[in-house]
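Chemist: Dropping a prediction and its sequence here:
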Amino acid sequence: MLRDIFFCPAFFGQYMIWKRYFHENGTMEVGPEGTAANRRVKQHSITFMAGAVSLFSAWVICYPIDLIKTQIQAVNLLDESQSKASSLTKSVSHQAKLRYRAMGLRGFYRGLGITLFRTVPTGGMSFLMYEVMKENLEASSSIIGLKELMS
């Protein structure tokens, strides 16, 4: 839950910022302007890139918190199996101090590369699918008159 408090605003907030940035700066030119297909490809490219970049940034910001959370979960599992749970080993600050003493600042980002490799494309695709489904549902709801019913 601690990670999500920071992760969700970082991820979703940055998505909107990056999407606006890519639109306003004319990035992602995909060919001659004017055709509906080219505008759609450009829109989908912007959406994918905004989702990917925002997820990248959110993980860079929140990865240390997630790493400590995972470390505490592993310690709790070990403690339960050995029947000696300690409140000190469950402390976020204690685990952070242990990690810093053992590995320095780099220890808080150990494993980030593989996490980004796995999740950045997922972030782009997630937002792309969300936006495509939203467009399709809005178009189909206007066809069958659901917008008028819901307002």
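Modeler: That came through fine. Residues are numbered from 1 along each chain as shown.

Chemist: Kindly list the longest helix within the chain.
Modeler: helix 36-82 (DSSP state H).

Chemist: next structured bit after that helix?
Modeler: The helix or strand immediately downstream of helix 36-82 is helix 92-103, counting by DSSP states H and E.

Chemist: That following helix: what's the following helix or strand?
Modeler: Next along from helix 92-103, by DSSP H and E: helix 112-144.

Chemist: Point out the other helices and strands that that following helix packs with.
Modeler: Using 3 or more C-beta pairs under 8 Å, 6 or more residues apart in numbering; DSSP states H and E, the elements in contact with helix 112-144 are helix 36-82, helix 146-150. C-betas here are computed from N, CA, C, even on glycine.

Chemist: which residues touch the spatially most central residue of the chain?
Modeler: Centre of the chain computed as the mean C-alpha position; nearest residue by C-alpha atoms, centre = their mean is residue 55, 3.4 Å away. Residue 55 is in contact with 11, 119, 120, 122, 123, 124, counting by C-beta atoms under 8 Å, 6 or more residues apart in numbering.

Chemist: nearest spatial neighbour of it, skipping sequence neighbours?
Modeler: residue 123 (2.8 Å; C-beta to C-beta, 6 or more residues apart in numbering).

Chemist: Please report how far the one you found lies from residue 133.
Modeler: 16 Å (C-beta to C-beta, to the nearest Å).

Chemist: ok, the two, which is more surrounded?
Modeler: Higher neighbour count among residue 123 and residue 133: residue 123, with 23 against 10, using other C-beta atoms under 10 Å.

Chemist: Burial check on residue 9, number of neighbours?
Modeler: Residue 9, neighbours per other C-beta under 10 Å, totals 12.

Chemist: Next, the angle helix 92-103 makes with the longest helix of the chain.
Modeler: 90 degrees (axes from the mean of the first three to the mean of the last three C-alpha atoms, to 10 degrees).

Chemist: so how far is helix 36-82 off the chain centroid?
Modeler: Per C-alpha atoms, centre = their mean, to the nearest Å, the displacement of helix 36-82 from the mean C-alpha position of its chain is 4 Å.

Chemist: Dump stretch 10-27 to CSV, restricted to CA.
Modeler: Extracted in CSV, the C-alpha atoms of stretch 10-27 (Å, rounded to 0.1, in the frame of the first residue of the first chain):
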residue,chain,number,x,y,z
ALA,A,10,3.4,9.4,-10.2
PHE,A,11,2.2,7.0,-13.0
PHE,A,12,-1.2,8.5,-13.8
GLY,A,13,-0.2,12.1,-13.3
GLN,A,14,2.8,11.8,-15.5
TYR,A,15,0.8,10.0,-18.2
MET,A,16,-1.4,13.1,-18.6
ILE,A,17,1.7,15.4,-18.6
TRP,A,18,3.6,13.4,-21.2
LYS,A,19,0.5,12.9,-23.4
ARG,A,20,0.0,16.7,-23.4
TYR,A,21,3.7,17.3,-24.0
PHE,A,22,3.8,15.0,-27.0
HIS,A,23,0.7,16.5,-28.5
GLU,A,24,1.8,20.1,-28.0
ASN,A,25,5.3,19.6,-29.3
GLY,A,26,4.4,17.9,-32.5
THR,A,27,6.5,14.8,-31.8
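
Chemist: With that, I have no additional questions.
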